[in-house]
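Undergrad: A predicted structure for the sequence below; I have some questions about it.
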Amino acid sequence: MAAVGSLVALVLAALAALHFYWAAGGQRARLAAVPVVDGRPALIVGAISCIAVGVSLLFSALLVSWTARLWTSSLIPLGLARAGTAILAVVFIARAVGDRRYVGFFKRTRDTEFARLDTAIYSPLCLLLGLGAAAVVVF
């Protein structure tokens, strides 16, 4: 499971870096990462929000790494790390399923750039991250 854990952690760390890039003012792909309602972004995402998501993703990468036993520390017991990784798996799988409106496999809005990218990239990636995190917990 070390390979799966490494891959999941690497993707989470890369996503964290992308959010830090946006927090620092980067614009590439920023608008394509937010659902659009009536031609306007559904969320106004500022630097603090991007930093919060980036830190959460980075912490998630560390949590998966710990659970996969890629590194160890005495800060968090392994059982607690496994529980956190299990919760992370549920969150990512739930994100893949979506809210039935704007995000996820079962969304109704499908005619925006975000919706197309969500169907092709974001939701499948969330599903794979969720299944990978679950595999790290189980095995």
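TA: Now that the structure is in, tell me what you want to look at. Numbers count the residues shown, from 1 in each chain.
Undergrad: And the contacts of stretch 80-97?
TA: 60, 63-64, 66-67, 76, 103-106, 123-124, 126-127, 129-134, 136-137 (CB atoms under 8 Å, 6 or more residues apart in numbering). Every C-beta, even on glycine, is put in place using the N, C-alpha and C of the backbone.
Undergrad: Ok, stretch 2-14 next?
TA: Contacts of stretch 2-14 (CB under 8 Å, 6+ apart): 57-58, 60-62, 64-65, 67-70, 125, 129, 132-133, 135-136.
Undergrad: Looking at these, which are in helices?
TA: 57-58, 60-62, 64-65, 67, 125, 129, 132-133, 135-136 (DSSP state H).
Undergrad: From these, list the buried ones, please.
TA: 57-58, 60-62, 64-65, 67, 125, 129, 132-133, 136 (16 or more other CB atoms under 10 Å).
Undergrad: what about the protein, any weak spots by pLDDT?
TA: Applying pLDDT under 70 to the chain flags no residue at all.
Undergrad: can you do 80?
TA: 31, 73-74 (pLDDT under 80).
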